[in-house]
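1. okay, predicted coordinates and the sequence, questions at the end:
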Amino acid sequence: MNEVTLDGPDTLRAYQARLGMWIFLATELMFFGPVFLGYAVGRLHMPGAFTSAARHTDVLLGALNTVVLLSSSAAIALATECQRAGVTRLARRFLWITAALGAVFLAVKGYEYAKDLREGLWPGASFHAADMPDPAGGRLFFFLYFFATGLHAVHLTIGIFLVLIVSRQSGRVAAATVLRRQETVGLYWHFVDVVWVFLFPILYLAGRAP
């Protein structure tokens, strides 16, 4: 087991890669920022409608996906530490676990989408507003719900592909290069995780307190 060390040029490239990823993630906030702003405005002006609509989301599936995604973040963090310690094979296994957990998240979300559609919650002409005091407000809530979670799912899918690419490179590319790329992908993955941590309470938990 040989710990991966970065020399001068590798260290500089690592800093540049991390800085580039942070700049990229800052631009990604422009995608999610309007969603959170739209939710805040809707919640402020139609609190009853948003509270009632939120009760129609499946909190158990949302909670399950939260646990899955948090576990995947732990896995990719362990993968990075293993790569840094020179334990390449174990690092690759943790990357595969990360990708697998991401796929589980998407599968659960797909099942939840199918359930939402069966219940008439798609914010279109067939929107079923049972038990909602304000159908227009409920439709707005589910528009934000589908848009935000769909955008998150797209980012997670990209993250899965990036994780698989880095995993494939492990053992075939210089260890320092793999570590640098793994750290960068890890930042992206944690960003996707943090976005969900904010989405879960506002879409699933709002209005459920006794």
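-> Cool, the structure landed.

2. how about Gly207, secondary structure?
-> In three-state terms, and counting by DSSP: H, G, I helix; E, B strand; the rest coil, Gly207 is coil.

3. number of residues surrounding it?
-> 15 (other CB atoms under 10 Å). For every residue, glycine as well, the C-beta is placed using N, CA and C.

4. any idea how far Thr51 lies from Ala206?
-> Separation of Thr51 from Ala206 (CB to CB, to the nearest Å): 6 Å.

5. I should have written Phe127 there, sorry.
-> Phe127 is 19 Å from Ala206, by CB to CB.

6. also Trp189?
-> According to CB to CB, Trp189 and Ala206 sit 26 Å apart.

7. give me the more crowded residue out of these two.
-> Using other CB under 10 Å, the more surrounded residue of Trp189 and Ala206 is Trp189, with 26 against 18.

8. report pLDDT for that one.
-> With respect to pLDDT, Trp189 scores 93.

9. try Leu69
-> Residue-level confidence at Leu69 comes out at 96, pLDDT.

10. give the helix, strand or coil label for it.
-> Going by three-state DSSP, the secondary structure assigned to Leu69 is helix.

11. and it, how many neighbours does it have?
-> Leu69 is flanked by 24 other residues according to other CB under 10 Å.

12. got phi/psi on Arg55?
-> Dihedral pair for Arg55: phi -70, psi -10, per degrees, to the nearest 10.

13. show me what contacts it?
-> The neighbours of Arg55, taking CB atoms under 8 Å, 6 or more residues apart in numbering as the test, are Gly207, Arg208.

14. ok, 10 Å please
-> Arg55 makes contact with Asp131, Met132, Tyr204, Ala206, Gly207, Arg208, according to CB atoms under 10 Å, 6 or more residues apart in numbering.

15. Ala40: which of those residues is nearest?
-> Nearest to Ala40, judged by CB to CB, of those is Ala206 at 11.5 Å.

16. pretty sure that closest one contacts Arg43?
-> Yes. In this structure Ala206 lies within contact range of Arg43 using CB atoms under 10 Å: 7.4 Å.

17. which residues are common contacts for these two?
-> Taking CB under 10 Å, 6+ apart as the criterion, Ala206 and Arg43 both touch Phe50, Thr51, Ala54, Phe141.

18. for the closest residue to Leu205 other than its chain neighbours, give me the pLDDT.
-> The spatially closest residue to Leu205, leaving aside those adjacent along the chain, is Val59, at 6.9 Å (CB to CB, 6 or more residues apart in numbering). Per-residue pLDDT puts Val59 at 94.

19. run through the residues that contact Val59.
-> Applying CB under 10 Å, 6+ apart, the residues contacting Val59 are Phe200, Leu203, Tyr204, Leu205, Arg208.

20. what's the answer for Pro47, then?
-> By CB under 10 Å, 6+ apart, the neighbours of Pro47 are Asp134, Gly137, Ala206, Gly207.

21. so where's the chain shaky on pLDDT?
-> Residue ranges of the chain with pLDDT under 70: 1-26, 129-130, 171, 209-210.
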